[in-house]
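S.K.: structural data only, the sequence is not supplied:
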């Protein structure tokens, strides 16, 4: 069914259901899984990335450090110890732009991502209206392949009042 499935990682617990969904599809299709994370930088050529806590990383150091974190986090959720069909990719720039650019370059069949990021999983999401986050919205609207946005069962949307 699919040859290449790309999962957009944000390292927040809110996207764990999306990862589980991607992993299930990879196993059923015996496809390659590409885990991509984009370090947000308004200028992808600046070579520097600023983290939430204000730390500035040089690009190669940031990529290597983040690849290690991604490998540790996601490989622990995969049954095989050293999965052969999994690749980890780190890019810099605007997340939705880099996701689309990489998906087109790699001829990805399916992009799987969370619908939005809940940065503090202890707090319940306050949603007045159903919505997609900016990255999910832009990827969904512009991708040349199928896109699956996955939410957690804990992320309930209220349709009261309209």
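M.R.: Received the coordinates, thanks. Not measured: the values here are computed from a predicted model.
S.K.: residue 88 reaches residue 73, doesn't it?
M.R.: No: using CB atoms under 8 Å, residue 88 is not in contact with residue 73, being 10.1 Å away. (Glycine included, C-beta is placed from N, CA and C.)
S.K.: in this protein, where's the longest helix?
M.R.: Longest helix in the chain, counting residues (DSSP state H): helix 59-75.
S.K.: next helix or strand past that helix?
M.R.: strand 86-93 (DSSP states H and E).
S.K.: where in the protein is pLDDT low?
M.R.: Across the chain, residues meeting the criterion (pLDDT under 70) sit at 42-59, 80-82, 117-131, 154-162.
S.K.: now do the helices in it.
M.R.: Using DSSP H, helices in the chain cover 16-29, 59-75, 95-106, 134-142.
S.K.: follow-up on the earlier one: more neighbours: which of residue 88 and residue 73?
M.R.: A count of neighbours by other CB atoms under 10 Å puts residue 88 above the other of residue 88 and residue 73, at 19 against 14.
S.K.: residue contacts, the more buried one?
M.R.: Residues near residue 88 by CB atoms under 8 Å, 6 or more residues apart in numbering: 34-37, 67, 70-71, 74.
S.K.: make TSV out of those and add neighbour count and distance to residue 1.
M.R.: Converted to TSV, the contacts of residue 88 look like this (neighbours: other CB atoms under 10 Å; distance: CB to CB, whole Å):
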residue	neighbour count	distance to residue 1
34	22	16
35	22	19
36	23	20
37	22	25
67	15	28
70	18	25
71	13	26
74	22	22
